[in-house]
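>>> Here is the input, now give the coordinates:
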Amino acid sequence: MDVSIFFSGEFGRRFLLNLAYPEMCPKLGACGIDACDYCKDYDFSSKIVMAEEFADPSSYGIYIDDPSSILPEILDGDVFIAINLHPDILVELPSIVESYKALIIPVEDPRWCSPGLRNQIARHCEEVGIEFACPKPLCTLKPETKFISKFCEEFRFGMPRFEVKLNDSTILNAKALTDACGCAYYVAKKMAGYWIDSKENFWKEIHQHQCAYPCLASMERDVEIKESPFHLGGYAMVYSFSQAVGIDAPEFIPHHMREFLNFAD
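Below you'll find the model as predicted:
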């Protein structure tokens, strides 16, 4: 599958770097140049047909009269990913990229795409026959439709999943199977050698590494999830890694957050 990425801001730059230039991971500052062991064994640069960086949405003012006037010619592709773009651009995207099979609009910050705008875009995508996902944050993306599922499989993308080898209560090694921004690879590397003495300390350790990557999801409270996207991303990471070692984590995740992780009570 071929992907186009239109973005603004630091998260968009990190997302593109992680997808297309994994060997440049040390630039993110997580492991550091000296400690990098190049654990990301992929390179999807040949699958990216367009990568366009835009100015911050606020620089365009409240309204953009003609969004198409600031967009380049759209090349053919399969999945279109729009990160932190002006609302007037987002709302027109289903028509602009109608030759694509799927549109993904991550919401790392509640200001990026309001629930009302998301619903409007979803209706428009349905009208033109494009699959649509608006994960909040991106690491909660679930492969629920045909082409988005294919994208997640081919790009090892979405909510974190891990493969972990244990010796009694010690983690011998861990490998990220799916990831959204590179954080899962960092967590997997840092958890190698950890001795699990209690669930509480284990969960705290995972969460500390997620924070240290660092996670760029907003800490601003979101009206839908009733906490910040940052915290939901943390719950996703801890829950997924816990599952990989055979530890269920129901009490770690607040009840009001579980629906966003497809986690039943």
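>>> what sits up against stretch 210-221?
10-11, 14, 28-30, 108-111, 137, 139, 181-183, 186-187, 190, 227-234, 237-238 (Cβ atoms under 8 Å, 6 or more residues apart in numbering). In short, each C-beta sits where N, CA and C put it, glycine included.
>>> Cross these against helices and list the overlap.
10-11, 14, 183, 186-187, 190, 229-234, 237-238 (DSSP state H).
>>> which of these count as buried?
When the ones in helices among the contacts of stretch 210-221 are checked for burial by 16 or more other Cβ atoms under 10 Å, the buried set is 11, 14, 183, 186-187, 190, 229-234, 237-238.
>>> Sort out which one of those lies nearest residue 73 for me.
Distances from residue 73 to those, taken as Cβ to Cβ, are shortest for residue 11 (25.3 Å).
>>> who are the neighbours in contact with that closest one?
Residue 11 neighbours (Cβ under 8 Å, 6+ apart): 83, 84, 106, 108, 181, 216.
>>> Could you export the buried ones among the ones in helices among the contacts of stretch 210-221 as JSON lines, including distance to residue 41 and pLDDT?
Formatted as JSON lines, those follow (distance: Cβ to Cβ, whole Å; pLDDT from 0 to 100):
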{"residue": "11", "distance to residue 41": "23", "pLDDT": "94"}
{"residue": "14", "distance to residue 41": "19", "pLDDT": "91"}
{"residue": "183", "distance to residue 41": "17", "pLDDT": "91"}
{"residue": "186", "distance to residue 41": "15", "pLDDT": "92"}
{"residue": "187", "distance to residue 41": "17", "pLDDT": "94"}
{"residue": "190", "distance to residue 41": "18", "pLDDT": "93"}
{"residue": "229", "distance to residue 41": "28", "pLDDT": "95"}
{"residue": "230", "distance to residue 41": "28", "pLDDT": "94"}
{"residue": "231", "distance to residue 41": "30", "pLDDT": "92"}
{"residue": "232", "distance to residue 41": "28", "pLDDT": "93"}
{"residue": "233", "distance to residue 41": "24", "pLDDT": "93"}
{"residue": "234", "distance to residue 41": "26", "pLDDT": "92"}
{"residue": "237", "distance to residue 41": "21", "pLDDT": "94"}
{"residue": "238", "distance to residue 41": "25", "pLDDT": "93"}
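>>> If we only consider these, which is nearest to residue 57?
Using Cβ to Cβ, those come closest to residue 57 at residue 11, 13.1 Å.
>>> if I look at that closest one, how far off is residue 101?
From residue 11 across to residue 101, the span is 24 Å (Cβ to Cβ, to the nearest Å).
>>> how about TSV for the contacts of residue 11, with pLDDT added?
Below are the contacts of residue 11 laid out as TSV (pLDDT from 0 to 100):
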residue	pLDDT
83	98
84	98
106	97
108	96
181	90
216	90
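>>> Taking those residues, tell me the two that lie furthest apart.
Every pair of the contacts of residue 11 checked by Cβ to Cβ; the farthest is 84 and 181, at 13.5 Å.
>>> Helices of the protein, start to end?
9-20, 87-90, 93-96, 115-128, 146-154, 183-191, 199-212, 229-244.
>>> Can you tell me which of those helices is nearest to residue 171?
helix 183-191 (5.4 Å).
>>> Good, wrapping up.
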